[in-house]
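Trainee: pasting a predicted model and its sequence here:
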Amino acid sequence: MHMVMVIFAGLLLLAVFALFGRLWGHDAAGVALAAKWFVPAWAGVALVNMWVGVTRAGYTLAQELPILALVFAVPAAVAALTAWQLKG
C-alpha cells in the first residue's frame, strides 16, 4: 500500500511540475521542460524513500531495490511520455 501511495505522490508531483511549467513557459514546451526536470527531482525523492525503508523500516537493500525501481520508473515513464508527446 505504501508503494502505491508513493507512486501516486510522484504523479501528483509531476502534475505540480507540469502546472508550473505551463505557468512559467506559457506553452507546451514549458510543460515538456518541467517534465524533464521532474525526473532527477523524483530520483532524489525515490532514493530518500529507499533510504528510509532500509534505515528505519528494517528492510534490506536487496529488498528495497526492486521497490525503488518501480517507484521511480512509473512516474518517470509518465514524465518521459509527457515530454515526448509535447515534443519537448
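Mentor: Noted; the coordinates are in hand.

Trainee: what's near enough to touch the spatially most central residue of the chain?
Mentor: For the chain, Trp42 is the residue whose C-alpha lies nearest the centre (Cα atoms, centre = their mean; 3.7 Å). Residues in contact with Trp42 (Cβ atoms under 8 Å, 6 or more residues apart in numbering) are Gly10, Leu13, Leu14, Phe72, Pro75, Ala76, Ala79. Yep, even glycine has a C-beta here, placed from its N, CA and C like the rest.

Trainee: narrow these to those in strands?
Mentor: Among the contacts of Trp42, none falls in strands (DSSP state E).

Trainee: and those residues as CSV, adding neighbour count and distance to Pro66?
Mentor: CSV is the format used below for the contacts of Trp42 (neighbours: other Cβ atoms under 10 Å; distance: Cβ to Cβ, whole Å):
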residue, neighbour count, distance to Pro66
Gly10, 24, 16
Leu13, 16, 22
Leu14, 21, 22
Phe72, 21, 11
Pro75, 23, 16
Ala76, 19, 15
Ala79, 25, 21
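
Trainee: just the ones of these in helices?
Mentor: Secondary structure defined by DSSP state H assigns Gly10, Leu13, Leu14, Phe72, Pro75, Ala76, Ala79 of the contacts of Trp42 to helices.

Trainee: now, among the residues you listed, which is nearest to Met50?
Mentor: The shortest gap between Met50 and any of these belongs to Phe72, at 9.0 Å (Cβ to Cβ).
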